[in-house]
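Peer 1: Build the 3D model from these lines:
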Amino acid sequence: MTKKVEKKVPNLRFKGFTDDWEQRKLGDIVTFFSGLTYHPNDVTNSGCFVIRSSNIQNHQIVSADDVFVDKNIVNAINVVQGDIVVVVRNGSRNLIGKHAQVITDMPNTVIGAFMTGLRSKNSSYINALLDSDQFQKEIRKNLGATINQITIGEFKKMRFMVTNNSESHMIGKIFTQINNLISLQQRKLELLKRLKKGFLQKMFVDTTSKTPIIRFKEFTDEWKHNKLGTLFTERNEKSNKGQLLSISIMNGVHPFNTNERKNNSSKNKSHYKRVCINDIAYNSMRMWQGAEGVSSYQGIVSPAYTVLRPKNNIDSQFFGFMFKRTQMLHTFQSHSQGLTSDTWNLKYPLIKSIIVHSPMYMEQCKISNILTKTDNYISLQQRKINILNRLKSFLLQQMFI
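Peer 2: Purely as a prediction, here's the structure:
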């Protein structure tokens, strides 16, 4: 049997570096520090910030369900710029190893008891190393059978193939730049999402008002009260022809592809419902969760869906956005209360009595147009982030062993 030769160099390297990489224990190249154990009585409205698992999202330290403790009980070291914070114990095994690098000064900040801190003179390289598949393999080898944790002792013994300081600094710099680009694009995405949220809040009318807060200057008429049944009829036509649609397809989350068409062709469609362009289809059991879409396709949907056909001078996209508003979701939910387990579905006879506020057709179109454009910008921004993440994943595979 041919003995497997251990790989000693990565597939992709900077010019000028030819030395073999060597295997080393993580404890030999970084310094570890523990988190703070505190009592619920120590929690205050301000004081020392404690970084916990919820504060690490998308490899960044964020504000989320923040916890502060009395400074007088703190006996853990403060994090410094460059430190890497790693989740080492959690109820979910999938969250073990989640980590983020401290990229700014964070005074009066420590890590929680279920976290471990790593400190290194070349922290960007170590952070990239923890992003690699090699780290995930080490986690799987060291996770306990019953307790979802890795101890500091186990963490220190993890072995990785590493390079010399000069090459590692260059690798760390590359991934720092990629991470900065991803962070920038993510911030842009969040801004776009907040913009859309603001439009949904202020370009529609609430129950206490007759005109929206933000409005196109050419429109001045008050919005009218209408029951949904006067705006939409139910399309309840059975069909076994056409592409099988889902809410995600109608909302543009993913388009049709060859495999999907092939898979759909084998389904029994004898009881499916016909859907036309501009129809609104919704899952009657999850309408109050936003499970609806405005169809851009001719096709069919599951018989569990309800299909709304717009009447004349109705912009379906406008109502599609309206249905996704928080206030509207609460309305749908309130109409489901009190129904028995056999009849709790929000079918057309129930939804048609719901009163909505809407403007004339031209104003509906203007509002839906700006929200559609915002959605397109959000989708474009998400694609940019996906491309950067794929680039980062490729480089991690090629630049580490």
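Peer 1: how about the helices of this protein, start to end?
Peer 2: 123-131, 133-142, 152-157, 165-202, 228-231, 247-250, 258-265, 316-323, 326-336, 348-351, 361-399 (DSSP state H).
Peer 1: and the second one, C-alpha only, in PDB?
Peer 2: Pointing back at helix 133-142 there. Taking Å, rounded to 0.1, in the frame of the first residue of the first chain, the C-alpha atoms of helix 133-142 are listed here in PDB:
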ATOM      1  CA  ASP A 133     -12.300  24.100   7.200                       C
ATOM      2  CA  GLN A 134      -9.400  22.900   9.200                       C
ATOM      3  CA  PHE A 135     -10.800  24.600  12.300                       C
ATOM      4  CA  GLN A 136     -14.200  23.000  11.800                       C
ATOM      5  CA  LYS A 137     -12.500  19.500  11.500                       C
ATOM      6  CA  GLU A 138     -10.700  20.100  14.800                       C
ATOM      7  CA  ILE A 139     -13.900  21.200  16.500                       C
ATOM      8  CA  ARG A 140     -15.700  18.000  15.400                       C
ATOM      9  CA  LYS A 141     -12.800  15.900  16.800                       C
ATOM     10  CA  ASN A 142     -12.800  17.600  20.200                       C
END
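Peer 1: tell me the angle of that helix relative to helix 361-399?
Peer 2: 80 degrees (axes from the mean of the first three to the mean of the last three C-alpha atoms, to 10 degrees).
Peer 1: and the angle for helix 133-142 with helix 123-131?
Peer 2: Using the same axes, to 10 degrees: helix 133-142 against helix 123-131 is 60 degrees.
Peer 1: buried residues in helix 133-142?
Peer 2: 134-135, 138-139, 142 (16 or more other C-beta atoms under 10 Å). Placement of C-beta: from N, CA and C, glycine included.
Peer 1: How far off centre is that helix?
Peer 2: Relative to its parent chain, helix 133-142 has a centroid offset of 24 Å by C-alpha atoms, centre = their mean, to the nearest Å.
Peer 1: which secondary structure elements does it contact?
Peer 2: Judged by 3 or more C-beta pairs under 8 Å, 6 or more residues apart in numbering; DSSP states H and E, helix 133-142 is in contact with strand 159-162.
Peer 1: Which residues does the strand it packs on contact?
Peer 2: 7-8, 21-26, 29, 129, 134-135, 138, 168, 400-401 (C-beta atoms under 8 Å, 6 or more residues apart in numbering).
Peer 1: Can you pull out the low-pLDDT segments for this protein?
Peer 2: The chain contains residues with pLDDT under 70 at 1-6, 144-146, 253-270, 337-344.
Peer 1: Excluding chain neighbours, what is closest to the residue nearest the centre of it?
Peer 2: Residue closest to the average C-alpha location in the chain (C-alpha atoms, centre = their mean): Asn58, at 9.0 Å. Excluding its sequence neighbours, the residue lying closest to Asn58 (C-beta to C-beta, 6 or more residues apart in numbering) is Gln186, at 6.3 Å.
Peer 1: which residues sit in contact with the spatially closest residue to Phe323 that is not a sequence neighbour?
Peer 2: Nearest residue to Phe323, sequence neighbours excluded (C-beta to C-beta, 6+ apart): Glu292, at 5.4 Å. Residues in contact with Glu292 (C-beta under 8 Å, 6+ apart) are 247, 280-283, 320, 323-324.
Peer 1: Out of these, flag the one nearest to Lys238.
Peer 2: Nearest to Lys238 among these: Ala281, at 14.5 Å, using C-beta to C-beta.
Peer 1: so what's the closest residue in space to Ser239 that isn't next to it in sequence up against?
Peer 2: Distances taken as C-beta to C-beta, 6+ apart put Arg274 closest to Ser239, at 4.0 Å, once the chain neighbours are dropped. Counting by C-beta under 8 Å, 6+ apart, Arg274 makes contact with 235, 237-239, 242, 299-300, 307.
Peer 1: Could you turn the buried ones of these into a PyMOL selection?
Peer 2: Buried residues within those, by 16+ other C-beta under 10 Å, are selected in PyMOL with:
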select buried, resi 235+239+242+299+300+307
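Peer 1: Among the contacts of Arg274, which lie within strands?
Peer 2: 299-300, 307 (DSSP state E).
Peer 1: Ser34 contacts Ile152, correct?
Peer 2: Yes. The pair formed by Ser34 and Ile152 meets the contact definition of C-beta atoms under 8 Å, at 6.8 Å.
Peer 1: list the residues that contact both of those two?
Peer 2: When contacts are counted by C-beta under 8 Å, 6+ apart, Ser34 and Ile152 are jointly contacted by Thr116.
Peer 1: re earlier: ok, now which ones touch the residue nearest to Asn58?
Peer 2: Going by C-beta under 8 Å, 6+ apart, Gln186 touches 58, 60, 385.
Peer 1: Quick check: phi and psi on Lys121?
Peer 2: phi -70, psi -20 (degrees, to the nearest 10).
Peer 1: so how many other residues sit close to it?
Peer 2: 12 (other C-beta atoms under 10 Å).
Peer 1: do the same with Ser183
Peer 2: Applying other C-beta under 10 Å, I find that Ser183 has 16 neighbouring residues.
Peer 1: Make residue 1 into 857 and carry on from there
Peer 2: Okay, using 857 as the starting number, the last item reads as Ser1039.
Peer 1: If the nearest residue to it once chain neighbours are set aside is in a bridge, with which residues?
Peer 2: Spatial nearest neighbour of Ser1039, excluding adjacent residues (C-beta to C-beta, 6+ apart): Gln916 at 6.3 Å. As for beta bridges, Gln916 partners with Gln913 under DSSP bridges.
Peer 1: hmm, back to that, where's the residue nearest to Ser1095 relative to Gln1099, distance?
Peer 2: Distance, Arg1130 to Gln1099, using C-beta to C-beta, to the nearest Å: 11 Å.
Peer 1: overlap in contacts of those two?
Peer 2: In contact with both Arg1130 and Gln1099: 1155-1156, using C-beta under 8 Å, 6+ apart.
Peer 1: ok, the closest residue to Leu1227 other than its chain neighbours - how many residues close by?
Peer 2: What sits nearest to Leu1227 in space, not counting adjacent residues and going by C-beta to C-beta, 6+ apart, is Phe1177, at 5.0 Å. Neighbourhood size, Phe1177 [other C-beta under 10 Å]: 25.
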